[in-house]
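Chemist: sequence plus predicted model, see below.
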Amino acid sequence: MMDISAPTKLDFNNTEIAFKNKSDKDLNKAYWLFKMVASNTLIKIGTPITNFSLNIGLPITGIIKNTIYKQFCGGESIDDCYQAIQDLGKGKVTTILDYSVEGEESEASFDETCKEILRTVASAKTNPLISFCVFKPTGLGRFDLFAKIDAKQSLTSEEKAEYDRLYNRCDQICKACHDAGIPVLIDAEHSWIQDTIDDIAREMMEKYNQEKPIVYNTYQLYRHDKLASLKADFAYAETQNFFLGAKIVRGAYMEIERERAKENGYQSPIQPNKPASDTDYNEAIYFMLDHIDRIGFMAGTHNEESCLILTKELEKRNIPHNHPHVFFAQLLGMSENLSFNLAASGYNVAKYMPYGPVKSVMPYLFRRAQENTSVGGQTGRELGLIMKELNRRKAAR
């Protein structure tokens, strides 16, 4: 059961609340991990070496499982995640079960991923500590098929049938979530397949968001066109009389997007600088709060300023901390000072909990590590907070 004691005053520097469920051993291990992640060179060298070692069967799975995997993943199966889900719940934080197997390309693997995501829906239906389900569209269909549709190229009859199967997998998951009353997040991906994903998400929202927000599309605000997309989708939702579901993030593919735009000679979809991303992100918060009666939204962010803006706006507008249309979200193993202090102050908070077989989840983990090295100050903040808590505990003994 979740703790329902009175909310505390919000303080993102309160490391006692942030790391309440972590032992000294856990904190020391996390400190070492973030030091490793902070090294760009280590990430660049370690990624191909680890991939090579796993592919030829060297016995390094155990090392990975007890280090980076344990920090950022819940387990290899839904059952394996049970304890991590319970631990988050003790701090009033709920879970987004995220089956994070990436890079598969066969129809059999797409069918299996769909079945696994449906299992997360069944788990969420019986466990109130699982607040959202999620899927990555390219886990349900071939990347190149998305790209071909986005590029407005003609499909063969076989490709049309393939798209129908992809669409039906998405629909099956969204319907299951609608029937269970569990919201589902559709992850954003690369810009050259995103229009097709947006079209599917819009159709799913129109179909399943008639009574309340169930299907949530993801808007990457490091793109200069996504604030406009959010507003356009809301205008469409108003005319068609359904609720908009929106998860806002800054973005995950900046270097790849810029390089591809340069190579192919088109304007980069990425904002010119970080302040521009921050401005659009915060503008999206204001816009969604202006329409809170018709928008359910999740602020996926590790940015303290954006979290504070949202909390202050909720206070200013007299919107309850635990309004069902407003959630904060962070990744498992990161920004504990945001997640647990927000939750202790009565806000709705969920953690993305990736899970899956160690080898299959490695592409996800490498991507997260690379993202961390590109987010200015992220690992430094993590290290500083861990050291602060270790010193606090030492002084208290």
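Modeler: Structure's in. What do you need?
Chemist: what's the span of stretch 133-147, first residue to last?
Modeler: 25 Å (C-alpha to C-alpha, to the nearest Å).
Chemist: buried stuff in that stretch?
Modeler: By neighbour count on 16 or more other C-beta atoms under 10 Å, the buried set for stretch 133-147 is 133, 134, 135, 136, 137, 138, 139, 140, 141, 142, 145, 146. No exception for glycine: its C-beta is placed from N, CA and C like everyone else's.
Chemist: pick out the most distant pair among the residues you listed.
Modeler: With C-beta to C-beta as the measure, no two of those lie farther apart than 133 and 145, at 23.2 Å.
Chemist: how about the strands in the protein?
Modeler: Assigned by DSSP state E, the chain shows strands spanning 94-99, 130-135, 184-186, 215-220, 244-249, 295-300, 326-331, 349-355.
Chemist: picking that back up, looking at the buried residues of stretch 133-147, which are in helices?
Modeler: Among these, DSSP state H puts 145, 146 in helices.
Chemist: OK, contacts around the residue nearest in space to the middle of the chain?
Modeler: Nearest to the mean C-alpha position of the chain, by C-alpha atoms, centre = their mean, lies residue 352 at 5.4 Å. The contact partners of residue 352, taken as C-beta atoms under 8 Å, 6 or more residues apart in numbering, are 96, 98, 134, 300, 329, 330, 331, 332.
Chemist: repeat the analysis, applying 7 Å as the threshold.
Modeler: 96, 98, 329, 331, 332 (C-beta atoms under 7 Å, 6 or more residues apart in numbering).
Chemist: turn the strands of the chain into CSV, including distance to residue 168.
Modeler: Below are those laid out as CSV (distance: least, C-beta to C-beta, whole Å):
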stretch, distance to residue 168
strand 94-99, 18
strand 130-135, 13
strand 184-186, 15
strand 215-220, 15
strand 244-249, 20
strand 295-300, 25
strand 326-331, 28
strand 349-355, 25
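Chemist: for these, which one sits closest to residue 382?
Modeler: Nearest of the strands of the chain (C-beta to C-beta): strand 326-331, 11.3 Å.
Chemist: that closest one: how far from the chain's middle?
Modeler: Taking C-alpha atoms, centre = their mean, to the nearest Å, one finds the center of strand 326-331 at 8 Å from the center of the full chain.
Chemist: adjacent strands (with direction) for it?
Modeler: Within its sheet, strand 326-331 is paired with strand 295-300 (parallel), strand 349-355 (parallel), according to DSSP bridges.
Chemist: mind putting the ones you listed into TSV with mean pLDDT and distance to residue 208?
Modeler: Listed next are these as TSV, based on pLDDT from 0 to 100; distance: least, C-beta to C-beta, whole Å:
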stretch	mean pLDDT	distance to residue 208
strand 295-300	98	12
strand 349-355	97	20
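Chemist: between the ones you listed, which gets nearest to residue 366?
Modeler: strand 349-355 (12.3 Å).
Chemist: show me what counts as buried in that closest one.
Modeler: Buried residues in strand 349-355 (16+ other C-beta under 10 Å): 349, 350, 351, 352, 353, 354, 355.
Chemist: for the nearest residue to residue 103 once chain neighbours are set aside, grab the count of nearby residues.
Modeler: Excluding its sequence neighbours, the residue lying closest to residue 103 (C-beta to C-beta, 6 or more residues apart in numbering) is residue 363, at 5.2 Å. Per other C-beta atoms under 10 Å, the neighbour tally for residue 363 reads 15.
Chemist: surely residue 363 meets residue 104?
Modeler: No. Residue 363 lies out of contact with residue 104 (C-beta atoms under 7 Å); the separation is 10.0 Å.
Chemist: local confidence estimate at the residue lying closest to residue 201 once chain neighbours are set aside?
Modeler: Excluding its sequence neighbours, the residue lying closest to residue 201 (C-beta to C-beta, 6+ apart) is residue 217, at 3.7 Å. Per-residue confidence (pLDDT) for residue 217: 98.
Chemist: can you check residue 204 too?
Modeler: 98.
Chemist: kindly provide the distance from it to residue 185.
Modeler: 11 Å (C-beta to C-beta, to the nearest Å).
Chemist: returning to what we had before: and the strands paired with strand 326-331 as TSV, adding distance to residue 385?
Modeler: Shown next, in TSV, are the strands paired with strand 326-331 (distance: least, C-beta to C-beta, whole Å):
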stretch	distance to residue 385
strand 295-300	20
strand 349-355	16
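Chemist: those: which one's closest to residue 197?
Modeler: Across the strands paired with strand 326-331, closest to residue 197 is strand 295-300 (C-beta to C-beta), at 16.2 Å.
Chemist: so residue 336 sits right up against residue 19, yeah?
Modeler: Yes. Under the criterion of C-beta under 7 Å, residue 336 makes contact with residue 19 at 6.1 Å.
Chemist: what about the closest residue in space to residue 226 that isn't next to it in sequence, how many neighbours?
Modeler: Nearest residue to residue 226, sequence neighbours excluded (C-beta to C-beta, 6+ apart): residue 219, at 4.7 Å. By the criterion of other C-beta under 10 Å, residue 219 has 25 neighbours.
Chemist: my guess is residue 219 contacts residue 231. True?
Modeler: No. Applying C-beta under 7 Å as the test, residue 219 and residue 231 come out as separate, 10.1 Å apart.
Chemist: can you pull up the bridge partners for the residue nearest to residue 201?
Modeler: Assigned bridge partners for residue 217, using DSSP bridges, are residue 186, residue 246.
Chemist: and it, what is it in contact with?
Modeler: So residue 217 contacts 186, 198, 201, 205, 245, 246 (C-beta under 7 Å, 6+ apart).
Chemist: out of the residues you listed, who's the most crowded?
Modeler: Busiest of the contacts of residue 217 [other C-beta under 10 Å] is residue 245, holding 28 neighbours.
Chemist: now it. Nearest residue, chain neighbours left out?
Modeler: residue 216 is the one closest to residue 245 (C-beta to C-beta, 6+ apart), at 3.4 Å.
Chemist: helices of the stretch 51-200 of the chain, start to end?
Modeler: 61-65, 68-72, 82-90, 107-126, 143-150, 157-180, 191-208 (DSSP state H, counting those that start in this stretch).
Chemist: which one of these lies nearest to residue 397?
Modeler: Of all the helices of the stretch 51-200 of the chain, it is helix 82-90 that lies closest to residue 397, at 22.8 Å by C-beta to C-beta.
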